[in-house]
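Chemist: Return atomic coordinates for the entry below.
(2 chains)
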Amino acid sequence: MTALFTILFYAATAILAVGLAFKVVQYARTPAPLKIPTTPAPVTTGGVVLRMAREVILFESLFKSNKWIWLFGYMFHGALLLAMMRHLRYFTHPVWEWVALVQPFGMYAGFAMLAGLGALWFRRIFVQRIRYISGPSDHLMLILLLGITGSGLAMTYVARTDIVALKQFMLGLIRFDWQPMPSDPILMAHLGMVIALMIIFPFSKLLHAPGLFFSPTRNQVDNAREKRHLAPWAAKLEAGGE
Amino acid sequence: MAGDYKVPELGEYAEIPPLCPGAMSQSHPFEASPEHQKALGFPGELVEDWHDKAIGRLGELLDKTRSLRVYLDSCVRCGACTDKCHYFLGTGDPKNMPVARQDLLRKVYRRHFTPLGKFPLTRWLVGAEDLTEEVLDDWYSYFHQCSQCRRCSVYCPYGIDTAEISMAARDIMDHIGKGQKYCNEIIGKVHAIGNNLGLPGPALENTLEGLEEDIEDDIGVKVRLPLDEKGADILLVTPSADFFAEPHVDGLIGYAKVFHQAGASWTISTYASEAANFAMFIGSYEQMREVALRIRKAAIDLGVKRIVFGECGHAWRVAYSFLNTLAGPWDFLDPNYPVPQHICEYTWDLIEKGQLKFDKSANDHMTLTFHDSCNVARATRMGDKPGGQFEIPRNIIKAVCNNFVDMAEDTIREGTYCCGGGGGLLTDDLMELRVKGSKPRMEALTQVIKNDGVTHMAAICAICKSQFAKVMPEYGIGMDKIVSVHQLVSNAIILDGQETDEDEDNADAEPASQMEE
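Modeler: The predicted structure is shown next:
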């Protein structure tokens, strides 16, 4: 089991890193031929940084759009961030001070994730419009995230796992000094689902995370009259055409 | 060919309709004839290997267009956009929900350009599908039920703009020989004649002379509408509807009066007698550039120093956001002015400087509201501050009218609803869609008519004006209730040497008015 999970972890990390890097490079290299910011848009780069920050940190557009989706989505993403910060203690030794500080919040974040995900899934099933647009992968993604959250909570509140041994296993992965993985079925389920999530990340709608940063309607400065914007392929067209 | 359909009943605000699958699947605008297709360099009819050609073209567009690539990947189907499209709100057809419309293209993208969609065992999971004849029919129907108004993009957490997707889909269809008649025929006319209506130079000259006479008869001042005048300072590029029909033409008279009072030397060009660039609707950069270059050539040939655009929504998008890219750089024009300027920017600037005089009571028979045209609101700017595109037209209206009321907040400014006829859908073969798609705007308008005594709605877009004139009667509102912003300016402006009603009144009743004082 240890060997299997060791190999899977390395493979998943590689797929996640290479896959994401590939998509980010692909997005960055694809030219945006025209200025298409959704206006009113900032007229300076500083303004665009603020606009992007509001989107990333506050989900501004979603808030304008639908308060329920915003609430549940924000609950899930905020709690996910806290939970991930909390998990850093399994990968660092000595544990960073701020990671120690978020531990108590991270404990409860699991419940907020569960509630947020549950509410989003409820909407997906019971709101007619959202049910219509939902495909198998949309439901499965929620099931996977609920599984990860549930198994994580179970290890804290139901059947505690051997956290010291787990940390040694994790540090061993990072240090290439492999240690045995605790043979706890809930832990294996938890890690197995995390591995699955890492692998599908670059091939799924989870690409919304890097995608947001490359969205021309959000990241472009509204200065089309002042500054000429020309894609490389359009410049070639111009050189050949006139 | 209006066909059999029911005009929707209006509520107090846009209620989310229950889903009605297939409600609009019969909507199918006329396809372009081989002649119209070939004039734009597209195949005349559906090519034999249309499937492979379509996938190939999609691949090319993915490599050339970041928005398309990022947006096809990023959607999480959160549902935020599902109640934002006026065509969905008006028809209840689920494929008119922005995400569902995008998914028509996205499922084919997944099938051919993503690993999980290519792999047979995971295909069903991610909703990847082949481009079959049925899917192509859906494309043609539903990508011609998107007016590219960008309302969905305002509300999407990732800014996904369905306009980008529908433009790409229309481009792909053009490239396999399945173009839309309305757009492609019009673009062909611009290439051949210079404007969407196909008005030749002599007809234009005639029209403008007629207008000069009308103005002189009306106010006793000789206001010129110059055509092809070399050495003029300002080139006015305006939608050809302004030469042709009410209420557009009243707007044109308004521009002319403003230019006259400002003492500006200006001209219209026969060669570039069209502001609206319909090539944007079909998502063709090349076509859009060709049309835009006509304006560059006209500016050079006439030796103008500035370019001003008339009231036209999509035109202003192409002008404001794209013209510098497509036909710039404009370094041969006067650097003291933005290139191009909107006629509202031009007029408002003069009003701010106190150079125009108005008799606001000339508009007292009306209570106005303002319809923010979608492409002006969400794809452009006026003035130097974000949101100027909302404030400047309103400021002009308030400067020339005493009675102004805004419609409900979530139906104006960046949340404005499309008129229902934008994006290349302003054609009689889409009448049902146009009537139903205008429902959210009609609802908001009806509310201010009832509650605030609004009598007229002003707009700064030729498509909005034409669309409203046509669909408002379906909802029991007179077709003359839509007006141009510069029509209001025209009513109120007092030109030097103009005979005003006041003069006449004073002449008739001199003693009475003295007594009042």
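Chemist: can you tell me how far B:T91 sits from B:P21?
Modeler: Separation of B:T91 from B:P21 (Cβ to Cβ, to the nearest Å) stands at 11 Å. Every C-beta, even on glycine, is put in place using the N, C-alpha and C of the backbone.
Chemist: more crowded one of those two?
Modeler: Relative neighbour count places B:T91 above the other of B:T91 and B:P21, with 24 against 11, counting by other Cβ atoms under 10 Å in any protein chain shown.
Chemist: My understanding was that the more buried one contacts B:L19; is that so?
Modeler: No - counting by Cβ atoms under 8 Å, B:T91 does not reach B:L19; the two are 10.4 Å apart.
Chemist: Name all residues that make contact with the residue in the stretch 251-400 of chain B that chain A sits nearest to.
Modeler: Among all residues of the stretch 251-400 of chain B, B:P386 sits closest to chain A, at 3.6 Å; criterion: Cβ to the nearest Cβ. Under the criterion of Cβ atoms under 8 Å, 6 or more residues apart in numbering or on different chains, the neighbours of B:P386 are A:T39, A:P40, A:A41, A:P42, A:V43, A:D222.
Chemist: what about 6 Å?
Modeler: By Cβ atoms under 6 Å, 6 or more residues apart in numbering or on different chains, the contact set of B:P386 is A:P40.
Chemist: B:V108 too?
Modeler: Taking Cβ under 6 Å, 6+ apart as the definition, contacts of B:V108 comprise B:L131.
Chemist: top helix in chain A by residue count?
Modeler: Across chain A, the longest stretch assigned as helix under DSSP state H is helix A:97-126.
Chemist: quick check, distance from the helix or strand of chain A with the lowest mean pLDDT to the centre of its chain.
Modeler: The weakest-scoring helix or strand in chain A, judged by mean pLDDT, DSSP states H and E, is helix A:232-241 (a mean of 89). The gap between the average C-alpha position of helix A:232-241 and the chain average comes to 38 Å, counting by Cα atoms, centre = their mean, to the nearest Å.
Chemist: Can you give me the buried ones in it?
Modeler: Within helix A:232-241, the residues scored as buried using 16 or more other Cβ atoms under 10 Å in any protein chain shown are A:A234, A:L237, A:E238.
Chemist: returning to what we had before: which secondary structure elements does the longest helix of chain A sit against?
Modeler: Helix A:97-126 is packed against helix A:67-87, helix A:136-157, with contacts defined by 3 or more Cβ pairs under 6 Å, 6 or more residues apart in numbering or on different chains; DSSP states H and E.
Chemist: how about the residues of the stretch 351-500 of chain B near chain A?
Modeler: For the stretch 351-500 of chain B, the residues in contact with chain A under the definition Cβ under 6 Å from any Cβ of the partner chain are B:R378, B:R381, B:P386, B:G387.
Chemist: roughly how far apart are B:C152 and B:T162?
Modeler: Relative to B:T162, B:C152 is positioned 5 Å away (criterion: Cβ to Cβ).
Chemist: Return every residue with contacts to both of these two.
Modeler: Both B:C152 and B:T162 are in contact with B:P98, where contact means Cβ under 6 Å, 6+ apart.
Chemist: Mind pulling the model confidence for the residue nearest the centre of chain A?
Modeler: Central residue of chain A (Cα atoms, centre = their mean): A:A209, 5.5 Å from the mean position. Predicted confidence (pLDDT) at A:A209: the value is 96.
Chemist: ok, now B:E516?
Modeler: At B:E516 the predicted local confidence, pLDDT, stands at 40.
Chemist: What are the boundaries of the strands in the stretch 351-500 of chain B?
Modeler: Under the criterion DSSP state E, counting those that start in this stretch, the stretch 351-500 of chain B carries strands at the ranges B:368-370, B:456-459, B:482-484.
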